[in-house]
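[1] Sequence below, structure please.
(2 chains)
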Amino acid sequence: MEFVLLIFLPVVFAILVPFAYRKVKGIHTGWFVLLVPLVLFSYYLSFLPLVMDGGHAISEMKWIPSLGIAFTSYIDGLSLLFTLLITGIGSLVVLYSVFYMDREKEDLGSFYVYLLIFMTAMLGVVQSDNTMTLYLFWELTSISSFLLIGFWYTKDKSRFGALKSMMITVFGGLMMLGAFILLSIMGETFSVRELIAQAPDLLNQPYFTLALVLLLLGAFTKSAQFPFYIWLPDAMEAPTPVSAYLHSATMVKAGIYLVARFTPIFGSASTWIWLVTGIGLLTLFWGSLFAVKQTDLKAILAFSTVSQLGLIMSLLGAGAISYHTTAAMFSFATYAAIFHLINHAAFKGGLFMIAGIIDHETGTRDIRKLGGLMSVMPISFTVAAIGSLSMAGLPPFNGFLSKEMFLESMVALRHFELFNFDTWGIMFPIVAWVASVFTFTYSMYFVLKTFIGQKKFEQLPKQPHEAPIGMLLAPMILATIVIVVFFIPNVVGKWIIKPAVMAVQPTLYASPSAIDIHVKAWHGFGAVGLWLTIGVIVFGTLLYLTIPKWQPLYRIQPDQLSLNNGYDAMMRGSEKGMNRVSRLYMTGKIRTYLLYMFAFMSVTIIALLFIKDAFVVDMNSFAAITLYGSLNAIVLLVSVGFVVFAKSRLAAIIALGGVGYSVALFFVIFKAPDLALTQLVIETVSVALFLLAFKHLPALSTHGETKSNKMVNLMVSLSVGVMVTLVALSSHSQKMIPSISQYYKDTVETEAAGGNIVNVILVDYRGFDTLFEIAVLAIAGIAVLGMIRLRVSRKEQTDENK
Amino acid sequence: MKTNDVILQTAAKVVFFIIFLFSIHIFFAGHYAPGGGFVGGLLTTGAILLLLLAFDIRTIQQILPFNFTVMTAIGLLLALGTAAGSIFFNVPFFTHAFGDFDLPLFGHTSLHTAMLFDSGVYLVVVGSAITIIQSIGGDD
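    From the prediction side, this is the model:
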């Protein structure tokens, strides 16, 4: 079987979800949905041995081969890692949602459909080798996350958050599309593998830096890097399973994936290293600083996600330095990035679920109202503590290992003697360390403020109690992973991390086993990481204890200066401006619209004809004037005159029919039976339609057309007529390229086994056109239906009001 | 509007079937002679329109108890499905297939997937045209 089809398994399954939701009463729809990620997870596990040896698997399904666009499933270390995260965490999230989402109150049908669409989109992003389909899936993640964030669409905040996240991530996606197009111009391929193979040649191409910056814009918006992180906190209006899944474990990591995937192409550029490392560190610092300001549990986690994503990003940037130096330290950074990515998915997923549990069981997420929950929710507390301590970077949890590796990498950056790192490099460890102190502080803030301290149960909307075991199951599994990974980091390293590192830096290693990195929890007292960690704990504890003293400092920053305010102002301004522009031409009269369109069309085309000097008449190629032709032309002209000067509408309609029929006759004379047939039927149907709607139309005289209006009409219609005549004459007279009709004549029998070229063109050669045309037709039909039904119901409403 | 035009109604009943059968013929002839789903659909629409002019809209709804919006949807699905079906044979989207078969009753027949696509077009044309006509005509 082509395993590329598996990408579409969730979305195909999504078709069944509404039926399962409506028809099967009593069983939560989530149980059916759970099958999908579980099956996928166990299937993709079978790729582990292959990938571990540095191999890869590829499966391709053609889509538009003439343009080189195909759906591919390219599985190497990196994409397998993400695939396992998506399906593995996906299973846990679905399991959690079965208990979180109420079967009676929530619209589970839509929820799981969106979730499954998202799953397909994510699998597509990480497995696509073709940049065009990668882009397609990338935007699909934006759209499905829009639907998921806005799931409770009756809430203003949900709609606002959904729109904001889509605006920002779609903007980034478009930039990324630009990068892909530039790359395809430079490398003449859409395939990422082939682009990577040509990486050294691309480096000196003119658009290289532009493509690099555009690509990073895509990655930074998706991964909520500074200053684009502002959508992530607002996205927390989504149901908690969504936050745990999209906003910590998968979608936000798509940007990380993109950076990792394109490191072999761009990694050797200094711009790349500076931008990725610098923005990453800035994001880490900013996110950790502002997490302590938040009072909503999910907002704290959102800012901590922002900061952790910055951390991974900066490590990827530092890892790219290994293209310039043989110092082992820098491939170490890539290793640390991948390692922390896994750890983060585990502990943050668990923490989000706990935040959801607290919300579910106490009715609030406001940290000022919470406190002392440990005694009533011991299991939640344990899980939250494990997650928080791991996030803070303490042993014996997995976050400790990757955090130490991070600090050591940042210290090592100082010694890199290229691109001015020897002068500015000292900034990196300092910023990293300060950010780590704040990370420690907000981790403690999250868990201690909620679970320890004075009990304030009377302030809570609900009497708190421990969550049902089913809801706790998924976070408990994640907490177990957090601990297990600490004790067997090298097993994880061998199976998953090293293959992924090799995929990020394919030119540096022959096989994953060539990567000589061994993770140790204890480096001895000489290790710089140890002392930094001790410093983090000491200062972090101090900061935590003094939070009430310095938290008011956040108020110094006026709201007007915040990035969110800037975003709001931009949106308001553009909305206002656009409204003003639209009001200029949206008058609500069809006459105005047609006037604008026809005037624009005829002016531009006539001007173009004269600027390009393209008007040519070749009398010799004209057909002979026949008796029938000239008679028919006279009939046509008379009917046109009748339409214009008719006093009654009925006469005008009949004359218009006459125009149509005589055009059809022309088709007959010039031997185009298909066109004639279609034209005749269309004329018949439209005249009949006119008659049907006849009595609804206002009288002819009430149009209120003034004399100057009529003059404008005359001018525009004359110029359209002139334009069409000129274009027809000159396109008939000059043939730059041979007509395509010969090709159709030659191939219609062999390629399509048809006899009628017109019909074969419609259904085969240009089938896409026809498909879209009938789609437009269907939309038009439904629109008319909607418009008229809407009008009727409005009339009924006003009747009721009377 | 209740009309009572005996001549028109009697003629319409007969002519409807003539036009309808002709439209079916046109539809099937499309691959080799003038015609096809679009024209066939329009002709059928014309036939139904004739009935509409002769009788009132409620009578037509009783005679032809189809939901034409659903017909549009089915047509679109059929067209899209034909186009998408090709990917399961690992050929590009929209690749048509054809072949000659010996069928009972029909004898030696040439079958095309393009015909399936065309019937989608036919259904969409009839469905959406009648939807439009019914909504405009029914708005009394």
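[2] Quick check: phi and psi at the residue of the stretch 151-300 of chain A found nearest chain B.
    Using C-beta to the nearest C-beta, A:Phe190 is the residue of the stretch 151-300 of chain A that sits closest to chain B, at 15.2 Å. The C-beta positions use only the backbone N, C-alpha and C, and glycine is treated the same way. Backbone torsions of A:Phe190, given as degrees, to the nearest 10, read phi -100, psi -10.
[3] how many neighbours does it have?
    If you count neighbours by other C-beta atoms under 10 Å in any protein chain shown, A:Phe190 ends up with 24.
[4] How about the contacts made by it?
    Counting by C-beta atoms under 8 Å, 6 or more residues apart in numbering or on different chains, A:Phe190 makes contact with A:68-69, A:130-132, A:180, A:184.
[5] The residues you listed in helices, which ones?
    The helices, defined by DSSP state H, take in A:131-132, A:180, A:184 from the contacts of A:Phe190.
[6] Let me see the mean pLDDT of the helix or strand that A:Ser91 is a member of.
    Per DSSP states H and E, A:Ser91 falls inside helix A:77-100. Per-region confidence: helix A:77-100 scores 92 on mean pLDDT.
[7] Which elements pack onto whichever helix or strand comes after that helix?
    Downstream of helix A:77-100, the next assigned helix or strand under DSSP H and E is helix A:108-127. When contacts are defined as 3 or more C-beta pairs under 8 Å, 6 or more residues apart in numbering or on different chains; DSSP states H and E, helix A:108-127 sits against helix A:9-14, helix A:17-23, helix A:29-45, strand A:69-75, helix A:77-100, helix A:131-149, helix A:253-266.
[8] Adding distance to chain B and mean neighbour count as columns, could you present the ones you listed in JSON lines?
    Listed next are these as JSON lines, based on distance: least, C-beta to the nearest C-beta, whole Å; neighbours: other C-beta atoms under 10 Å in any protein chain shown:
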{"stretch": "helix A:9-14", "distance to chain B": "12", "mean neighbour count": "20"}
{"stretch": "helix A:17-23", "distance to chain B": "15", "mean neighbour count": "15"}
{"stretch": "helix A:29-45", "distance to chain B": "20", "mean neighbour count": "19"}
{"stretch": "strand A:69-75", "distance to chain B": "9", "mean neighbour count": "22"}
{"stretch": "helix A:77-100", "distance to chain B": "22", "mean neighbour count": "25"}
{"stretch": "helix A:131-149", "distance to chain B": "13", "mean neighbour count": "23"}
{"stretch": "helix A:253-266", "distance to chain B": "25", "mean neighbour count": "26"}
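[9] And the ones you listed, which one averages the lowest pLDDT?
    If you rank these by mean pLDDT, helix A:17-23 sits at the bottom with a mean of 84.
[10] now for it, which elements pack on it?
    Helix A:17-23 sits against helix A:29-45, helix A:108-127, with contacts defined as 3+ C-beta pairs under 8 Å, 6+ apart.
[11] Mind putting those helices into CSV with distance to A:Val727?
    Output for the helices and strands packed on helix A:17-23, formatted as CSV (distance: least, C-beta to C-beta, whole Å):
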stretch, distance to A:Val727
helix A:29-45, 55
helix A:108-127, 43
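[12] just for chain B, where's the confidence low?
    In the prediction, chain B carries residues with pLDDT under 70 at positions B:1-4, B:106-107, B:138-140.
[13] mind listing the helices for it?
    Taking DSSP H as the criterion, chain B carries its helices at B:6-29, B:37-54, B:57-63, B:68-85, B:113-137.
[14] And the longest one, how far out from the chain middle?
    Here helix B:113-137 is found 6 Å from its chain centre; the criterion is C-alpha atoms, centre = their mean, to the nearest Å.
[15] And the first one, by the same measure?
    Counting by C-alpha atoms, centre = their mean, helix B:6-29 is centred 13 Å from the centre of its parent chain.
[16] helices or strands next to it in the packing?
    Under the contact definition 3+ C-beta pairs under 8 Å, 6+ apart, helix B:6-29 sits against helix B:37-54, helix B:113-137.
[17] Any buried residues in it, and which?
    Going by neighbour count (16 or more other C-beta atoms under 10 Å in any protein chain shown), the buried part of helix B:6-29 is B:12, B:16, B:19-20, B:23, B:26-29.
[18] Let me see the contact set for the residue sitting furthest away from the middle of chain B.
    Centroid-distance maximum for chain B: B:Asn90 at 30.7 Å, with C-alpha atoms, centre = their mean. When contacts are counted by C-beta under 8 Å, 6+ apart, B:Asn90 touches A:2, A:61-62.
[19] Same question for A:Pro395.
    Residues in contact with A:Pro395, defined by C-beta under 8 Å, 6+ apart, are A:486, A:521.
[20] Can you tell me the element A:Glu60 falls in?
    strand A:57-64.
[21] Direction-wise, compare that strand with strand A:69-75 and give the angle.
    Here strand A:57-64 runs at an angle of 170 degrees relative to strand A:69-75 (axes from the mean of the first three to the mean of the last three C-alpha atoms, to 10 degrees).
[22] Leaving out chain neighbours, which residue sits closest to A:Ser304?
    Ranked by C-beta to C-beta, 6 or more residues apart in numbering or on different chains and with sequence neighbours excluded, the top spatial neighbour of A:Ser304 is A:Ala291, at 5.0 Å.
[23] Check A:Lys795 and give its pLDDT.
    With respect to pLDDT, A:Lys795 has a value of 59.
[24] I should have written A:Asn801 there, sorry.
    pLDDT for A:Asn801: 52.
[25] now swap in A:Glu417 and tell me
    Looking at A:Glu417, its pLDDT reads 67.
[26] Please apply the same query to the one 10 residues further on.
    The per-residue pLDDT reported for A:Met427 equals 80.
[27] So out of everything in the stretch 401-550 of chain A, what residue is nearest chain B?
    For the stretch 401-550 of chain A, the residue closest to chain B is A:Ala503, as judged by C-beta to the nearest C-beta, at 26.7 Å.
[28] Which single one of the buried residues of helix B:6-29 is nearest to A:Ala302?
    Among these, B:Phe27 lies closest to A:Ala302 (C-beta to C-beta), at 58.1 Å.
[29] ok, back up a step: please produce a markdown table containing the helices of chain B, extended by distance to A:Leu35.
    Below are those laid out as a markdown table (distance: least, C-beta to C-beta, whole Å):
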| stretch | distance to A:Leu35 |
| --- | --- |
| helix B:6-29 | 43 |
| helix B:37-54 | 40 |
| helix B:57-63 | 44 |
| helix B:68-85 | 24 |
| helix B:113-137 | 32 |
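[30] quick one, which of those helices is nearest to A:Ser402?
    helix B:68-85 (44.1 Å).
[31] what are the C-alpha coordinates of the helix or strand encompassing A:Phe400, in CSV please?
    Per DSSP H and E, A:Phe400 falls inside helix A:398-413. Below are the C-alpha coordinates for helix A:398-413, written out as CSV (Å, rounded to 0.1, in the frame of the first residue of the first chain):
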residue,chain,number,x,y,z
ASN,A,398,13.6,15.3,31.4
GLY,A,399,13.5,19.1,31.2
PHE,A,400,16.6,19.2,33.4
LEU,A,401,18.7,17.4,30.8
SER,A,402,17.7,19.5,27.9
LYS,A,403,17.9,22.7,29.9
GLU,A,404,21.5,21.9,30.9
MET,A,405,22.4,21.2,27.3
PHE,A,406,20.8,24.5,26.3
LEU,A,407,22.8,26.5,28.8
GLU,A,408,26.0,24.8,27.8
SER,A,409,25.3,25.5,24.1
MET,A,410,24.7,29.1,24.8
VAL,A,411,27.9,29.4,26.8
ALA,A,412,29.7,27.8,23.9
LEU,A,413,28.4,30.4,21.4
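[32] Now do it: which elements does it pack against?
    helix A:297-319, helix A:329-362, helix A:378-392, helix A:427-451, helix A:469-487, helix A:528-545.
[33] please redo it, this time with the cut-off set to 10 Å
    helix A:270-291, helix A:297-319, helix A:329-362, helix A:378-392, helix A:427-451, helix A:469-487, helix A:489-492, helix A:528-545 (3 or more C-beta pairs under 10 Å, 6 or more residues apart in numbering or on different chains; DSSP states H and E).
[34] Nothing else from me, thank you.
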